[in-house]
Structure formats: C-alpha cells, structure tokens
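In: Have a look at this prediction, sequence included:
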Number of protein chains: 2
Amino acid sequence: MRPREFNHDDVLRIAFDQFWRKGVRGTQLSDIARDAGVQRGSLYNAFGSKEALFLCAYERYAGEYVSSLQKALGAGTLRERLTAFFDLTIKNFRSGSPPRGCPTTRGLMELTSVEGEGLDENGRKTFADLVARITDLVQEALSEGVERGEFNGDPETAALHIVTVTRGLAVLERAFGDEAQLRTIAAHTVDLVLGKKG
Amino acid sequence: MRPREFNHDDVLRIAFDQFWRKGVRGTQLSDIARDAGVQRGSLYNAFGSKEALFLCAYERYAGEYVSSLQKALGAGTLRERLTAFFDLTIKNFRSGSPPRGCPTTRGLMELTSVEGEGLDENGRKTFADLVARITDLVQEALSEGVERGEFNGDPETAALHIVTVTRGLAVLERAFGDEAQLRTIAAHTVDLVLGKKG
DNA sequence: CGCGTTCTTGACGCCATGTCAAATACTATT
DNA sequence: AATAGTATTTGACATGGCGTCAAGAACGCG
C-alpha cells in the first residue's frame, strides 16, 4: 500500500492552530491543506470531513491541556493548587496574538449549534468528556484538601462550581477581553471556596 | 415608495426562533424566508446579511430577556432574588424541545470565531453589552442587599462572579444537558455568595 | 395622472464542502 | 525481479448556500 506523504501529527497541529485562530467556520480546508503542503482530497481521505478533522485536532490538544492542568493541580497547598489551576486556565485563554479564547468552549458552541444530528452529538461528547475530566481533576485536589484539613465542603459540588466558573471565564474573555477582570473573578472564586484567608 | 409586504417584527421572531434552534451556521436564510413567507432577497434588502439579521433578531430578544431578569431580581429578600435569577436563567436554557441552550453564549461564540473583523466585532459588542447589562442588574440587587444588611461584600466583584457562573452554566448545559446539575451549581453559588444560611 | 422612491422578484456569480474515478507509489507474493 | 493488490494522491466535478443585481411592481405625492 502506498504510504502517506504527510505527517499525521503535523497536520493536526497546523489544523488546530488554524481552527483556534479562526474558528471552525472561519477556517477553510484549503487553508489547512496549503499550510500543510497537502491536497484537500487527502485530508478528506484521512479524516473524512472538516468537523472530524477538527475533532481529531482537538483531541490531540485536549490531552496536552489536561496533563498541564493536572500538573498545576498536583503540588502545594490547596490554595496554591487552585490558584495555579486558574492561572493556567486564564493564560491559556489569553495566549497567542490576538488572544485566542478557549478552544474547548468555542468548539463546543460551534459544533453543537445544529440540533440533534450525528457529528454534532459526537462533538458534544468529546467536549463533555474534557469538561468531565477537568472536573475530576479539581475534585481530586479538593478531596485531598479535605483529608489535609484545608477544605471542608462537598468536593463534588465545589469542583462543579469551579469548572463552571472557568467555562464562564471563557465566555467573558470572548466578550470583554479583559485579563484583569478574569483574574479578579478567579481570585474571588478561590476565596469563596476556601474562605477569605484560606 | 412601495410599502413592506412583511411585518418586520414577525420576521425577527421567526428568524430568532430558527437561529436559536439550529444555530447561526445551521440556519439557512431560505428557511427563514419560507417560514416568513418572504423572498430571500427581501431579507437581504431589509437587513443586509445573515449575520446582521441575526443581530437584529438577537437584540429584539435581548430586551425581553433583560426585563424578565430585572423583574426576577426586583422583589423579595436578596436570597429570593438571586434564586429567582438563577431559576429564570436555567429555565431559559432548558425551554423548548429539545432544550435550546443559551442564545447569548451560543451567538457570541459563533459570531466571534473569526479573528479581528468588522461584523464579528459588532457581534462581540452586542453580546458584551447584554452581559454587562445583566451584570449591572445583579450588582444593583447586591448593593440593595448591602443596604439592607443581607449581604456584606463587594457587589461589583460578586456580581461578576455570579454572571460568570451563569455563562458557565450555559456551557455545561450544552455539554451535559443535565438540569439537576445546573440547579445544584446555582444553589451552591447562592450559598457561597450569601453564606450557607443566608 | 404620471413621477420617483422603495420594495420585490428571480436569475446569476462565487466559493467552500464533499465526492469520485483515474493515476500513482509502495508492499507482499511468487 | 516481475506482478498483483492496496492505500493514497490528484484534479475535476457536483452540490448548495450566501450575497448581488437589474428589471418589474406598488405605493405616496405633486
């Protein structure tokens, strides 16, 4: 069989970069094909559709993202962990030039626009998985905090609340683009969850 | 001059309904035209473009939405007000069949996908305005709460936090579609802001 | 009663997605 | 080493939606 003439991973990286910068709708497969030095048809052959390519590229990113969050949530006091978690989240929203926003939230909203259909449901599941994985990481940190007496409350509910705030931050970033505002909200959230002095 | 053969407001209602159900991308102007009994060309003549029509339809909705939130935030104890605010927010996400999600968040994410361009910036501003208006309403309720001794804290920061949670709820609704989960987070947020017993 | 302005109508161009068949390049088999 | 088989590449094609435009239609006004 004839071998691929392009590197699967390179294409995913290039595609993700474009999707992140221009959105799914704003990115044309011909752009990705040009940047990757590949014919459009080859992308269809390899991935099936634009949305499938996006999901592949997205999942590749999601793995890296989750492990960086895991690292942030893994060391120090609970307050330090949560602070590092929010810092990384906000930094992620505001990296690139211009700030790129949150790929997760954007992708979810873009792909689940159409009601009740195949690929959209696929996309929804993919994004829901990521949110669930992040929630689990936060919950784990909170549970360890309970054991160490740094937190008393329900880790499950608190984790949901924290993750909800991060998704909300993604929307506010998109609406206002004000990093200081995001940091204020994040710090306030940590204070609310742990108590002012923590 | 020749008079319009269609009712401006009717078209906006029909358009908004479609955009809400199927998203901006998933809605075709021909659908709206058919449902409204209007030619596609007339829509272009009246509104200019698909995205402009969406923004018109959206602004029409935003006014109604904000005033319903205002009503929810205007009576009872602070706890009752915030609870009513979250109830209405969640009910709004979950109304229709299937649940339609949050038009604000969805629209924002869909329209601001492409970086740095005219209409997208327009859309961003429109949505940012709505979020700001809602934040103001919440902040006002909190300030009144401070006067009445029902809340002590910074109304501005707390309002930002609460609105951030509502935007996050919109994302979680999209991801999981679990109304009970949304209600848990909302109740938890009210407890955090006002104190458990409030 | 016509004049001008605005709205309507339907055909058109454009562009992006997605499809397909033929050509191609490699592997495995004999 | 030649050949059969398989997967990939390639470029042309079909489809369909957005947006444009010129010609016609309907009304207010002089």
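Out: Ah, there it is. On a predicted model such as this, the values are computed, not experimentally measured, just so you know. Residues are numbered from 1 along each chain as shown, chains lettered A, B, ... in the order given.
In: Lowest average confidence across helices and strands of chain A, where is it?
Out: helix A:103-111 (a mean of 68; mean pLDDT, DSSP states H and E).
In: Next one: the residue of chain A found nearest DNA strand D from chain B, what distance?
Out: Here chain A gets closest to DNA strand D at one residue, A:Gly41, 2.3 Å apart by CB to the nearest atom of the strand. All C-beta atoms are positioned from the backbone trio N, CA, C, and that covers glycine. Distance, A:Gly41 to chain B, by CB to the nearest CB, to the nearest Å: 24 Å.
In: Within the helices and strands, which one has that residue?
Out: Per DSSP states H and E: A:Gly41 is located in helix A:40-47.
In: try A:Arg81
Out: Going by DSSP H and E, A:Arg81 is part of helix A:78-94.
In: wait, what's in contact with A:Asp31?
Out: A:Gln18 (CB atoms under 8 Å, 6 or more residues apart in numbering or on different chains).
In: which parts of the helix or strand encompassing it are buried?
Out: Remark: A:Asp31 resides in helix A:29-36, with elements defined by DSSP H and E. Buried positions in helix A:29-36, judged by neighbour count with 16 or more other CB atoms under 10 Å in any protein chain shown: A:Leu29, A:Ile32, A:Ala33, A:Ala36.
In: now the second one: how far from DNA strand C?
Out: Separation of A:Ile32 from DNA strand C (CB to the nearest atom of the strand, to the nearest Å): 8 Å.
In: is it true that that residue touches A:Asp10?
Out: No - under the criterion of CB atoms under 8 Å, A:Ile32 makes no contact with A:Asp10, lying 11.0 Å away.
In: Is whatever helix or strand comes next after the least confident helix or strand of chain A positioned near DNA strand C?
Out: Downstream of helix A:103-111, the next assigned helix or strand under DSSP H and E is helix A:118-147. No - Helix A:118-147 lies out of reach of DNA strand C by CB under 7 Å from any atom of the strand, never closer than 8.2 Å.
In: now helix A:118-147 against helix A:78-94, angle please.
Out: Using axes from the mean of the first three to the mean of the last three CA atoms, to 10 degrees, the direction of helix A:118-147 lies 150 degrees away from that of helix A:78-94.
In: Tell me which residues touch the residue most central in space within chain A, please.
Out: What sits nearest the mean C-alpha location of chain A, by CA atoms, centre = their mean, is A:Thr104, with 3.9 Å. A:Thr104 makes contact with A:Ala62, A:Tyr65, A:Phe127, A:Leu130, A:Val131, A:Ala170, according to CB under 8 Å, 6+ apart.
In: would you turn those residues into a markdown table with neighbour count, pLDDT and distance to A:Glu150?
Out: As requested, the contacts of A:Thr104 are arranged in a markdown table below (neighbours: other CB atoms under 10 Å in any protein chain shown; pLDDT from 0 to 100; distance: CB to CB, whole Å):
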| residue | neighbour count | pLDDT | distance to A:Glu150 |
| --- | --- | --- | --- |
| A:Ala62 | 20 | 93 | 29 |
| A:Tyr65 | 20 | 94 | 26 |
| A:Phe127 | 26 | 86 | 31 |
| A:Leu130 | 22 | 93 | 27 |
| A:Val131 | 23 | 95 | 25 |
| A:Ala170 | 29 | 90 | 27 |
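In: and of those residues, the nearest to A:Asp154?
Out: A:Val131 (18.6 Å; CB to CB).
In: What sits closest to that closest one if chain neighbours are left out?
Out: Nearest in space to A:Val131, with sequence neighbours left out and distances taken as CB to CB, 6 or more residues apart in numbering or on different chains, is B:Ala175 at 5.1 Å.
In: so what pLDDT did that neighbour get?
Out: What the model reports for B:Ala175 is a pLDDT of 87.
In: My read is that it contacts A:Ala128, right?
Out: Yes - using CB under 8 Å, B:Ala175 and A:Ala128 qualify as a contacting pair, with a distance of 4.2 Å.
In: neighbour-wise, which of these two wins?
Out: A count of neighbours by other CB atoms under 10 Å in any protein chain shown puts B:Ala175 above the other of B:Ala175 and A:Ala128, at 23 against 18.
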